[in-house]
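Asks: A predicted structure for the sequence below; I have some questions about it.
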Amino acid sequence: NMSEQKTNKEQRYDRQLRLWGDHGQEALENAHTCLLNASATGTEILKNLILPGIGAFTIVDGHKVTGEDVGNKAQAATEFLQELNSDVSGNFVEESPDKLLDNDPEFFHRFSLVIGVQLPESTCQRLGAVLWSAGVPFLVCRTYGLVGYMRLVVKEHTVVESHPDNALEDLRLDQPFTELRNHISSYHLDSMDKKDHSHTPWIIVIAKYLEKWYNEHNCQLPKNYKEKEVFRQLIRDGIRKNENGAPEEEENFDEAIKNVNTALNPTKISSTVDDIFNCVQCENITSQTSAFWMMARGVRDFVQNEGNGSLPVRGTIPDMIADSDKFINLQNVYREKALQDAAVVSKHIQSHLQAVGKVINTNKIQFLHCAAFLRVVRCRSLAEEYSTDTFQKDTITSCMDSPDSEMVLYLMLRSVDRFYQQHSRYPGVYNYQVEEDISKLKLCVNSLLQEHGLSVNVKDDYVHEYSLI
Amino acid sequence: MVQLVGPLSKELADSVSSCKILVVGAGGIGCELLKNLVLTGFKNIEVIDLDTIDVSNLNRQFLFQKKHVGKSKAQVAKESVLRFCPSANITAYHDSIMNPDYNVEFFRSFQLVMNALDNRAARNHVNRMCLAADIPLIESGTAGYLGQVTVIKKGVTECYECQPKPTQKTFPGCTIRNTPSEPIHCIVWAKYLFNQLFGEEDADQEVSPDTADPEAAWNPEDTAARATASDQDGDIKRVSTKDWARSTGYDPVKLFNKVSSGFILCLFKDDIMYLLTMDKLWKKRKAPVPLDWAEMLQLGEDPGCGTGLKDQQVLNVGGYSRLFQHSVETLRSQLADKGDGAELVWDKDDPPAMDFVTAAANLRMHIFSMNMKSRFDVKSMAGNIIPAIATTNAVIAGLIVLEALKVLNSDIQQCRTIFLNKQPNPRKKLLVPCALDRPNPNCYVCASKPEVTVKLNVHKTIVQALQDKILKEKFGMVAPDVQIEDGKGTILISSEEGETEANNGKMLSDFGIRNGSRLQADDFLQDYTLLVNVLHSEELPKDVEFEVVGDAPDKAPPSKAPEEEKSITNGNKDSAQPSTSSKAVVEEDDLLIVDSDEEPSSSTADVSTETSSLKRKHQDAETGEAASKRKRLDQQSADDDDDIIALD
């Protein structure tokens, strides 16, 4: 029955598994998200999370609905949304976000993500402070006519599988480890028969011609385009000739030529990963250190000691033209080295864990596989954004100078919020008040600009437009 | 002061509620679009879709639920929308938009047509119908995180076919039958095998060794002796799988019951031994290794390698042998249950059919020394699957409505083609609006007198090929009539049944067609006439029947000029990679322009990756300022950037 369930899920989620894989799906299914305000935007967001199978959602809304679905809005929305996917657990709380913040701020600590839609500025700020200190990601959303706004507030978000678009293979051809070097020397391209020659993995082909190149170039890699072109020609000349002197078709050599550019990239640690190693979280290991930082530290120790400045070997190679035996042997060379490196990293992690008296169960192999692509995302807090001391005045001013910047929309939304704080309603809700609202909104714009010391010009057109919604 | 209804002016709100619109497709984009339309205030909507609901739709097509699986998409979509908007006036058609009932008059009854399609054939057709009816069309597509919306208006903008898109790259028959070198060749072979055994007969889908392989320069007398030596039974000398099947009385049940083991032997052992006798093929290649069936089945259970979902594991040969046997048995009984003369249609979402192709393809990969692939990966390639999520479709459907509002507001100059990217671009935009291009004066569809030149061999091209491969497949006609401009008005092809069938098997040269001949091809339904100039050539490459002169090359040209190019594609092999895959693309920029919501449905077969390049200006919607132009190319996985895979 369990396996049947699994098959059903695989079928239902097939088209998205091909996008974010089973780890992505697992993360989604383990997430519990909270929506504040079951508005049109809020329910639309939840719909797009429920369809792909988020683990659970909770709607917080104190409003009543009228008409056919008379009753509580949170409950009505939960029931309708639940229909979209029975794998998802739907919950609701019939209370306004402000009340909940008054009575039970810890309520929000349990969520993987809190989404606040159309929240008044004061609620947004209060909730922002609670979530910031609890380390819960907060997504602030609002729509206003045809304008939409989204702001992610997260203190620290660590990414192991960042799925980079342009990931290079980790082949170490510039600094082969002993086992790889031995494996390469077990090949003798010149004395091979025709079939073996054309079924030798391109990685070996490049490594072999690199040896030749080194002899003539003082052990320096081909660096620029011109040198790489010469190197490619060297490989091209190595293609076997038929009795008439014409080159044979050797697809593995074609692959080698095609891969010269990327395969000869020097092995080095990206600045993103280097920055992670230099983080204070990586430096100071305590019993509070998360699995991510614990593993990052283990990798750093490896780099600084056994790795001689390089990350652990990733252990995978791409598909290529080769016969199965040669391919598998080569693959094993990389894989075994990766396992060895992983064991060393593991040892470092263990010693740190012991030192702080902690046990963490993590998928280290996975982590090491992604070590080159680790990412840490950090945002500014809402408090920093709103405080006149830390308000990014210069950025905003310079954005306002650029004609296609959307910064003016941000300032208008902030002004509309101000209007709401003052009048407990949005501008333009009553047709007869529009003219009056335009001048009130203009006052809000001016006071916002003034308080933040912004000497920028917001066109009246915007004020008119925002008073009409 | 302007009167407003929500965010719309009173005037616009009125045209929204009074106009009649056509939505073509009720799938990923269609579901989102229908919701947006009624919530925006559109009242009169007609929706058409020939598909039925599948479980794999439920992750995004929110108007459908599990209980609706198997029902008409258009019909269920209508009913679900009426639940939350009972006042809407929706007409649903469970039908193909290419059905002649939907003629130019039908299209003229709408103010606006919105495509939410998943295949090029239907897009071409709706494009022509809208041009003929002079009705504005909003075209859209998504693939994974990427999407695009554009507006097509006769005489004002480019039409969908203004920029030629290279046709599908097909694999030479002998690569599939004799010398596969990549997993995709084995997968194509396995799909052919499925059709040969369970499905519709197709002479172009032969799976047995191709003795006419020019590369083999095969001399039957030389190798006949060896062939006999390796022979188990008489079957080895069969001409084709179909003939062989015919010899068993075409009774599939009997076929499998009687010669079940012999049949398996034939495919993976005897055929391979036969191939080995074509020894010229293996001088430079690694020779295939025939499978010993009994030995395979004795191989122990294999937990498979690879972690995670079952589908993502790679089994050993024994595992695939058992899977093969098992799936053949299941399919055999499925076929028997359907009764006499029944056929199965291959469907990637039908588990036994997918098992069959996974197993057969992997056994062949093993025979030809390739690394085997998981069911998940095979499915991606065999089904030409394009990943799809609710979010992207929701964004695109929203943009469709915004463009529709501009069209209804008679503001076509404000319309844009909009790209949804995976990452913000250097100007920090996720959504990139670009100005619409003017029509291409040489377009073979929307030009005032469309004309093309086709290079072919008049002595080797039969009338049927002109009709099916050139006029229908390449030039998107549905029911062409062809007249030779020879002064006599000879009718070569008539769309009326029974009138010109006798011509089908004859060569073009039999009708006096030669270099410089002109053919007038008409499609009555599409109200479309194309003048075809024949350029006779004896020197077309192997396996190429014809070439359109001036057509886009298969590969995008190297771009030295800072000229922006975009690729419109229906298939995105790269994002079809599971994200856990270690495959990486290094060369190109990360932009892919897409043109499809989801996989082509089996009924409207479509080509996959198109790498055509369209020029366009890159402009910002608000400022109208031309921005830096960039090159867009579609990504392909590193190991086959030469081959464009076309299946179905």
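Replies: The structure has been received and is ready for your questions.
Asks: Okay, and the beta partners of the closest residue to A:Val93 other than its chain neighbours?
Replies: Nearest non-adjacent residue to A:Val93, counting by C-beta to C-beta, 6 or more residues apart in numbering or on different chains: A:Val60, 4.7 Å away. Heads up, the C-betas are built off the backbone N, CA and C, glycines and all. Beta-bridge pairing of A:Val60 under DSSP bridges involves A:Leu36, A:Val93.
Asks: Could you list which residues are in contact with A:Val60?
Replies: A:Cys34, A:Leu35, A:Leu36, A:Asn37, A:Ala74, A:Phe92, A:Val93, A:Glu95, A:Ser96, A:Pro97, A:Leu100 (C-beta atoms under 8 Å, 6 or more residues apart in numbering or on different chains).
Asks: List the buried residues for the helix or strand containing A:Ser346?
Replies: Using DSSP states H and E, A:Ser346 sits in helix A:324-356. Buried residues in helix A:324-356, counted by 16 or more other C-beta atoms under 10 Å in any protein chain shown: A:324, A:326-327, A:330-331, A:333-335, A:337-338, A:341-342, A:344-346, A:348-349, A:352-353.
Asks: cool, and stretch A:453-464?
Replies: A:Leu454, A:Val456, A:Val458, A:Tyr462, A:Val463, A:His464.
Asks: Could you dump these into JSON lines with pLDDT, secondary structure and distance to chain B added?
Replies: Shown next, in JSON lines, are the buried residues of stretch A:453-464 (pLDDT from 0 to 100; DSSP: H, G, I helix; E, B strand; the rest coil; distance: C-beta to the nearest C-beta, whole Å):
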{"residue": "A:Leu454", "pLDDT": "90", "secondary structure": "coil", "distance to chain B": "21"}
{"residue": "A:Val456", "pLDDT": "89", "secondary structure": "coil", "distance to chain B": "18"}
{"residue": "A:Val458", "pLDDT": "89", "secondary structure": "coil", "distance to chain B": "16"}
{"residue": "A:Tyr462", "pLDDT": "88", "secondary structure": "helix", "distance to chain B": "13"}
{"residue": "A:Val463", "pLDDT": "89", "secondary structure": "helix", "distance to chain B": "14"}
{"residue": "A:His464", "pLDDT": "87", "secondary structure": "helix", "distance to chain B": "10"}
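Asks: Turn the contacts of A:Val60 into a markdown table, including pLDDT, distance to B:Thr150 and neighbour count.
Replies: Conversion of these to a markdown table gives the following (pLDDT from 0 to 100; distance: C-beta to C-beta, whole Å; neighbours: other C-beta atoms under 10 Å in any protein chain shown):
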| residue | pLDDT | distance to B:Thr150 | neighbour count |
| --- | --- | --- | --- |
| A:Cys34 | 98 | 38 | 25 |
| A:Leu35 | 98 | 34 | 30 |
| A:Leu36 | 97 | 37 | 31 |
| A:Asn37 | 95 | 34 | 26 |
| A:Ala74 | 93 | 40 | 25 |
| A:Phe92 | 96 | 41 | 22 |
| A:Val93 | 95 | 44 | 21 |
| A:Glu95 | 93 | 46 | 18 |
| A:Ser96 | 94 | 44 | 16 |
| A:Pro97 | 95 | 41 | 23 |
| A:Leu100 | 95 | 45 | 19 |
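Asks: Tell me the one of those nearest chain B?
Replies: Lowest distance from chain B to the contacts of A:Val60 (C-beta to the nearest C-beta) belongs to A:Leu35, with 15.7 Å.
Asks: these two touch, right, the closest one and A:Ala56?
Replies: No - using C-beta atoms under 8 Å, A:Leu35 makes no contact with A:Ala56, being 11.4 Å away.
Asks: dump the residue contacts of A:Ile203.
Replies: A:Leu171, A:Leu173, A:Ala263, A:Ile317, A:Met320, A:Leu330.
Asks: which residues of chain B score low on pLDDT?
Replies: Applying pLDDT under 70 to chain B flags residues B:1-5, B:166-170, B:212-265, B:300-309, B:551-648.
Asks: rewinding a little: out of the buried residues of stretch A:453-464, who's nearest A:His197?
Replies: Nearest to A:His197 among those, counting by C-beta to C-beta, is A:Val456 at 69.1 Å.
Asks: The closest one contacts A:Asn446, correct?
Replies: No - in this structure, A:Val456 is not within contact of A:Asn446 by C-beta under 8 Å, at 11.3 Å.
Asks: If we check chain B, which of the buried residues of helix A:324-356 are in contact?
Replies: By C-beta under 8 Å from any C-beta of the partner chain, the members of these lying near chain B are A:Ser324, A:Phe327.
Asks: And for stretch B:286-293, what's in contact with it?
Replies: Residues from elsewhere that reach stretch B:286-293, judged by C-beta under 8 Å, 6+ apart: A:195, A:199, A:323, B:261, B:264-265, B:268-270, B:272-273, B:275-276, B:317, B:321, B:363, B:366-369.
Asks: hmm, 7 Å instead?
Replies: Contact partners of stretch B:286-293, identified using C-beta atoms under 7 Å, 6 or more residues apart in numbering or on different chains, comprise A:195, A:199, A:323, B:261, B:264-265, B:268-269, B:272-273, B:275-276, B:321, B:363, B:367-369.
Asks: Just the buried residues of those.
Replies: With neighbours counted by 16+ other C-beta under 10 Å, these contain buried members at A:199, A:323, B:264-265, B:268-269, B:272-273, B:275-276, B:321, B:363, B:367-369.
Asks: which one of the residues you listed is nearest B:Ile493?
Replies: Taking C-beta to C-beta as the measure, B:Ile493 lies nearest B:Leu275 of the buried ones among the contacts of stretch B:286-293, at 39.1 Å.
Asks: Look up phi and psi at that closest one.
Replies: phi -60, psi -40 (degrees, to the nearest 10).
Asks: Next one: it relative to B:Gln196, how far apart?
Replies: 17 Å (C-beta to C-beta, to the nearest Å).
Asks: I figured B:Ala92 hits B:Val76, correct?
Replies: No - if you go by C-beta atoms under 7 Å, B:Ala92 and B:Val76 don't touch, sitting 8.5 Å apart.
Asks: how about the helices in the stretch 151-300 of chain B?
Replies: Using DSSP state H, counting those that start in this stretch, the helices assigned to the stretch 151-300 of chain B run over residues B:173-177, B:183-198, B:220-229, B:241-247, B:252-265, B:271-277, B:293-298.
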